[in-house]
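Asks: how does the following fold in three dimensions:
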Amino acid sequence: MRQQFREPVQNRPGVPTERPMKTNQPMISRRAAIGGGLAGLGGLLLFPGQLIAKEPSDSFVVLLKGLYQPVVHGPNLGLSTVDLNDGSYSTTRIYPVSGTPGNTNQNKAVGNFFVQFDGDLCAYHIPGGSFAMRFTGSDFVFVDDGQGGQFLEGTFELTILEATGIYRPFVGGHNHMVDKLHFLASGGVDEYCFCFISHP
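Replies: Just a heads-up that it's a prediction; the model follows:
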């Protein structure tokens, strides 16, 4: 149906008048236009990670960095392998390095890492989904920090057990960690670990 709109025109300087303008476009009410815009914005607010997260390449790198804190109320990551509320997990932040979807600012955390210090499981939650891993091997040494604590320096090997979202193709893949974990004299644990994650 053809609708008629009025287009302002200038008859005299500074005095607009209106004239009919014909168009074949359907008329959309202001309420419908605003409602459609809010619906689109709602999608951004509800699923921001999914809208910005595109499938990563065959491999990517993230950095685990910061003091570990005990997990008190663990989020549901949609993973059956890990139970973040069983009291055995600690958490720190994840920062982008290379190939991760979403934010690329290496000074801004993009997710959370969860690990068992007295176990062999861990989980990552970053834009696009989550994944769980099991530690399968290691090669490290302890170095005195000169202040009553010590560094754990070395590498760890992990297998990806399950994944959600865009990381499902990584199940069965590998994670090579290059770690410098600082056990502080105060009892805290400060992480600095590069994770090289790849497809099977």
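
Asks: phi and psi next, for the nearest residue to Pro127 once chain neighbours are set aside.
Replies: Of all residues not flanking Pro127 in the chain, Gly102 sits nearest, at 3.5 Å (Cβ to Cβ, 6 or more residues apart in numbering). All C-beta spots, glycine's among them, are computed from the backbone N, C-alpha and C. Backbone torsions of Gly102, given as degrees, to the nearest 10, read phi 80, psi -140.

Asks: contacts for the lengthiest strand in the chain, please.
Replies: Counting by DSSP state E, the longest strand found in the chain is strand 129-144. Contact with strand 129-144 is made by 49, 53, 77-79, 81-82, 120-124, 150-168, 170-171, 175, 179, as judged by Cβ atoms under 8 Å, 6 or more residues apart in numbering.

Asks: pLDDT wise, what is the residue nearest to Pro127 at?
Replies: The per-residue pLDDT reported for Gly102 equals 76.

Asks: just Leu44 next, same as before
Replies: Model confidence at Leu44 (pLDDT) stands at 39.

Asks: one more: the one 3 residues further on?
Replies: Phe47 carries a pLDDT score of 41 in this model.

Asks: ditto for Leu38
Replies: 39.

Asks: now Met133. Nearest residue, chain neighbours left out?
Replies: Going by Cβ to Cβ, 6+ apart, Met133 has Leu158 as its nearest residue, at 4.2 Å.

Asks: tell me, how many residues neighbour that neighbour?
Replies: 22 (other Cβ atoms under 10 Å).

Asks: hang on, it packs against Gly173?
Replies: No: Leu158 is not in contact with Gly173 according to Cβ atoms under 8 Å; the separation is 9.4 Å.

Asks: picking that back up, of the contacts of strand 129-144, select the buried ones using a PyMOL command.
Replies: If you want just the buried ones from the contacts of strand 129-144 in PyMOL, going by 16 or more other Cβ atoms under 10 Å, the selection is:
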select buried, resi 49+53+77+79+82+121+122+123+124+150+151+152+156+158+159+160+161+162+163+165+166+167+170+175+179
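
Asks: care to break this structure down by domain?
Replies: 3-46, 52-198 (automatic domain parsing).

Asks: what lines up beside the longest strand of the chain in the sheet?
Replies: strand 121-126 (antiparallel), strand 150-163 (antiparallel) (DSSP bridges).

Asks: could you point out the helix or strand that follows the last one?
Replies: Just to be clear, that refers to strand 150-163. strand 174-183 (DSSP states H and E).

Asks: which parts of that next one are buried?
Replies: Buried-residue list, strand 174-183, by 16+ other Cβ under 10 Å: 174-177, 179, 181-183.
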